[in-house]
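Peer 1: Next comes the sequence, and after it the predicted model I'd like to discuss.
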Amino acid sequence: MTKVAIVGVGLMGGSLALCFKNQADISVAGFDIHPAELDKAIKRGVIDAACDTLEEAATDADFIFLCVPVGLLELYLDKLLHMRLKPGCIISDVGSTKASITAYAAAHTRPDVFFIGGHPMAGSERSGVEVAASHLYENAFYVLTPDESTPKEAYERLAALLTHTKAQIVRVDARHHDEIVGAISHLPHVIAVALVNQVARYNEQDELYRLLAAGGFRDITRIASGHPDMWRDILLNNRHVLLRLLRDWNEGIGKFAELLEAENGDGIFQAFEQAGAFRSQLPERRKGVITALYDVYVDVQDHPGIIGQIATLLGNHRINLSNIQIIESRADVPGVLRLSFRNESDMDAAILLLGHHGYEVRL
Ligand SMILES: NC(=O)C1=CN([C@@H]2O[C@H](COP(=O)(O)OP(=O)(O)OC[C@H]3O[C@@H](n4cnc5c(N)ncnc54)[C@H](O)[C@@H]3O)[C@@H](O)[C@H]2O)C=CC1
Ligand SMILES: O=C(O)C(=O)Cc1ccc(O)cc1
């Protein structure tokens, strides 16, 4: 029996646990500072055993996953390295930054235990074990950051266990990871927060800002709703990379202001053309570090009860809806419903089902 310990049974830890728990030869023990989270995890069948102490979860584990906020990773790694652990035990983590924890582990080695950093590049702005899902990592990239001292055997053992997540394992140098993820995840979160707060300031004088910011503005700023504790830790941890990225950002925005001041239409045109060309080369796979929205639009005549009908139809076919919203509904305009799903397979199943029932569904 392979024993897995999950430290921090929230969204990420709970989702990992769900990937392992249904395997007959794996048992999953959880430890969390909040007993209520462990209770929920047991009730939802996310873990096999809830442990009162870190020792109880970790001592006989073959694999230990640290799934706590980034600011606590070193503390927990340190505790583990001073504990009796099973010889050959592999410790990994799911933190969003990799350079500091990997360097810390390299400086505090122990011959019988191996640390290999990890970052499953999939998630959500939501947190907690109640939103954990076994499919969270499916088709996502899962970065591992071994270094030259990591035995090949240990890396392969961890990669083999992680096949249960159905993610695509990618090996990346830890510092290189932080540079890239800084640009494609951390910087966008900072920009989204700054943008929302800017609009919120205007809205203090004029409520129309909030009203008209429905739809697309809401979508492109979804990530501004990330958990403040988690993001404080990530941004502080990767601050050197982010400060450099923000200097580049300021330069780029400054150039845009210059184009506007000079009424340089060609320059603005070129900026859009350049961005469009690069964007069209981005991979179309839907699971990247920022979760894609799986939204479809359904044209409906404006009549009461339509939301209930569609929700019931999907529910009866066990298709999970994450949100349903009327976008436009007036006597003279046909209604448009936006249906949001948490994954591609639910979205595809809904398109088929609704099409079959005569609804016009658009992506
Ligand atoms: N949320 C996301 O989309 C992603 C998060 N990550 C990383 O995963 C880690 C966990 O994030 P989530 O699962 O989203 O957060 P979460 O808030 O859902 O889960 C964190 C869990 O850690 C527990 N915890 C907090 N302090 C603790 C302590 N002192 N000792 C033991 N347990 C403690 C909490 O009770 C909670 O159950 C973070 O390091 C984050 O950077 C990585 C990829 C995606
Ligand atoms: O909500 C989203 O789309 C995210 O960006 C979630 C997320 C948060 C942290 C990560 O390290 C990876 C993914």
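Peer 2: Ah, there it is. For clarity, every value in this text was computed on a predicted model and none was experimentally measured. Ligands and ions are numbered 1, 2, ... in the order given.
Peer 1: residues contacting the residue of the stretch 51-200 of the chain found nearest ligand 1?
Peer 2: At 1.7 Å from ligand 1, residue 123 is the closest residue in the stretch 51-200 of the chain, using CB to the nearest ligand atom. Backbone N, C-alpha and C define where each C-beta goes, glycine included. For residue 123, the contact set (CB atoms under 8 Å, 6 or more residues apart in numbering) comprises 11-12, 136, 291.
Peer 1: Max pairwise distance over those: which two?
Peer 2: Based on CB to CB, the longest span within these runs between 12 and 291 and measures 13.0 Å.
Peer 1: neighbour-wise, which of the two wins?
Peer 2: residue 12 (28 against 19; other CB atoms under 10 Å).
Peer 1: what about the more buried one, which SS state?
Peer 2: helix (DSSP: H, G, I helix; E, B strand; the rest coil).
Peer 1: Show me which residues of the worst-scoring helix or strand of the chain on mean pLDDT are buried.
Peer 2: One helix or strand of the chain scores below all others by mean pLDDT, DSSP states H and E: strand 321-330, with a mean of 75. Buried residues in strand 321-330, defined by neighbour count with 16 or more other CB atoms under 10 Å: 321-322, 324.
Peer 1: Equivalent analysis for stretch 38-48, please.
Peer 2: Here stretch 38-48 shows 38, 40-42, 46-48 as buried, counting by 16+ other CB under 10 Å.
Peer 1: ok so, going back, from the buried residues of strand 321-330, which is closest to ligand 2?
Peer 2: For the buried residues of strand 321-330, the nearest to ligand 2 is residue 322 (12.5 Å; CB to the nearest ligand atom).
Peer 1: so who does the closest one touch?
Peer 2: 340-342.
Peer 1: out of those residues, who has the most neighbours?
Peer 2: Counting neighbours by other CB under 10 Å, residue 341 leads these with 22 neighbours.
Peer 1: Could I get the pLDDT score of that residue?
Peer 2: We have a pLDDT of 89 for residue 341.
Peer 1: can you check residue 215 too?
Peer 2: So residue 215 comes in at 77 (pLDDT).
Peer 1: Same check on residue 297?
Peer 2: Residue-level pLDDT assigned to residue 297 equals 87.
Peer 1: Check residue 306 too.
Peer 2: The per-residue pLDDT reported for residue 306 equals 83.
Peer 1: Residue 125 now?
Peer 2: With respect to pLDDT, residue 125 scores 86.
Peer 1: Residue 226 versus that one, what's the distance?
Peer 2: Residue 125 is 5 Å from residue 226, where distance means CB to CB, to the nearest Å.
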